[in-house]
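*Asks:* Output the structure for:
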Amino acid sequence: MHSPLEQFVIKKIIPLELFGYDISFTNSSLYMVIATIIIIALQKFCLREASIVPKRLQAFYELHHEFVVSMMRENSGEEGLRFFPLIFSLFMFILMANLLGMIPYSFTVTSHFVVTLSLALFIFVFVTIVGLVRHGWHFFRFFLPEGIPIIIAPLLVLIELISYCVRPFTLAIRLFANMMAGHILLKLFGAFTFMFGLAGIFPFVLNVFFTGFEIFIAALQAYVFAVLSCIYLNDALHLH
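*Replies:* Just a heads-up that it's a prediction; the model follows:
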């Protein structure tokens with residue numbers, strides 16, 4: 001049986017090097033491009049005949065739009081809606097990358113920690129900049145809420161600072177771990193189906209169930225990543 005980790009191996013498609021750094025175009029890069037192209041093509045196709053009274057395809061696309069708007073309104077307030085393009089793009093990219101990974105013999109971009117960490121660090125830096133631009137030096141009051149006794153202030157500042165700095169790592173690990181674990185499980189049950197012969201019907205049935213569940217997890221993790229990004233944005237806009 002092949003290792004279930006083989007599906008996560010990054011392979012070079014176009015070897016490239018720049019100033020001694022490997023910047024090769026890989027299977028991971030390819031699926032990121034594919035996910036982006038599909039999202040753009042889907043938007044163009046669904047909105048090619050946009051009208052006040054939406055048709056089915058337009059309504060399908062607007063459903064995603066309204067879903068993200070509602071999510072942002074609940075978690076970052078009306079003021080956070082000006083950052084809708086960023087959150088919507090983030091949600092759609094992660095969702096499409098997760099769903100593409102469900103296609104047999106494809107590649108799951110979000111099963112790599114470096115990818116999810118890059119997305120999480122981008123959100124972390126962006127949210128921090130938003131907070132600094134909006135509040136200036138007062139932004140650092142986020143680490144010391146008003147009314148806290150001076151005697152416990154140093155400890156609280158340290159805890160809040162650590163909590164703030166680990167945000168991108170917890171955000172990245174949550175997405176990466178869920179996608180990797182789910183695909184390993186599917187690979188294992190798929191292998192058992194062939195190994196057990198006639199008795200393989202049992203792992204096959206389980207694999208069908210877990211495939212459906214993994215599709216749900218793929219959508220859920222895109223939602224969770226976007227929701228947490230909205231919550232972090234709300235913290236930057238309104239502090240405590």
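*Asks:* hey, let's count contacts and neighbours off CA atoms from now on
*Replies:* Noted.
*Asks:* And the residue lying farthest from the centre of the chain, how close does it get to H138?
*Replies:* Centroid-distance maximum for the chain: I151 at 39.6 Å, with C-alpha atoms, centre = their mean. Separation of I151 from H138 (C-alpha to C-alpha, to the nearest Å): 21 Å.
*Asks:* any idea which helix or strand carries I13?
*Replies:* Assessed by DSSP states H and E, I13 sits inside strand 12-14.
*Asks:* Can you dump the C-alpha atoms of the helix or strand containing K44 in PDB for me?
*Replies:* In the assignment (DSSP H and E), K44 maps to helix 27-46. Taking C-alpha atoms only, helix 27-46 is exported to PDB below (Å, rounded to 0.1, in the frame of the first residue of the first chain):
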ATOM      1  CA  ASN A  27       1.500  21.200  -8.500                       C
ATOM      2  CA  SER A  28       0.600  23.300  -5.600                       C
ATOM      3  CA  SER A  29       1.100  26.500  -7.600                       C
ATOM      4  CA  LEU A  30      -1.000  25.000 -10.400                       C
ATOM      5  CA  TYR A  31      -4.000  24.200  -8.200                       C
ATOM      6  CA  MET A  32      -3.900  27.700  -6.700                       C
ATOM      7  CA  VAL A  33      -4.000  29.100 -10.300                       C
ATOM      8  CA  ILE A  34      -6.800  26.700 -11.200                       C
ATOM      9  CA  ALA A  35      -8.800  27.700  -8.100                       C
ATOM     10  CA  THR A  36      -8.400  31.400  -9.000                       C
ATOM     11  CA  ILE A  37      -9.400  30.900 -12.600                       C
ATOM     12  CA  ILE A  38     -12.500  28.900 -11.700                       C
ATOM     13  CA  ILE A  39     -13.600  31.700  -9.200                       C
ATOM     14  CA  ILE A  40     -13.100  34.400 -11.800                       C
ATOM     15  CA  ALA A  41     -14.800  32.300 -14.600                       C
ATOM     16  CA  LEU A  42     -17.700  31.400 -12.200                       C
ATOM     17  CA  GLN A  43     -18.300  35.100 -11.500                       C
ATOM     18  CA  LYS A  44     -18.100  36.100 -15.100                       C
ATOM     19  CA  PHE A  45     -20.400  33.200 -16.200                       C
ATOM     20  CA  CYS A  46     -23.000  33.700 -13.400                       C
END
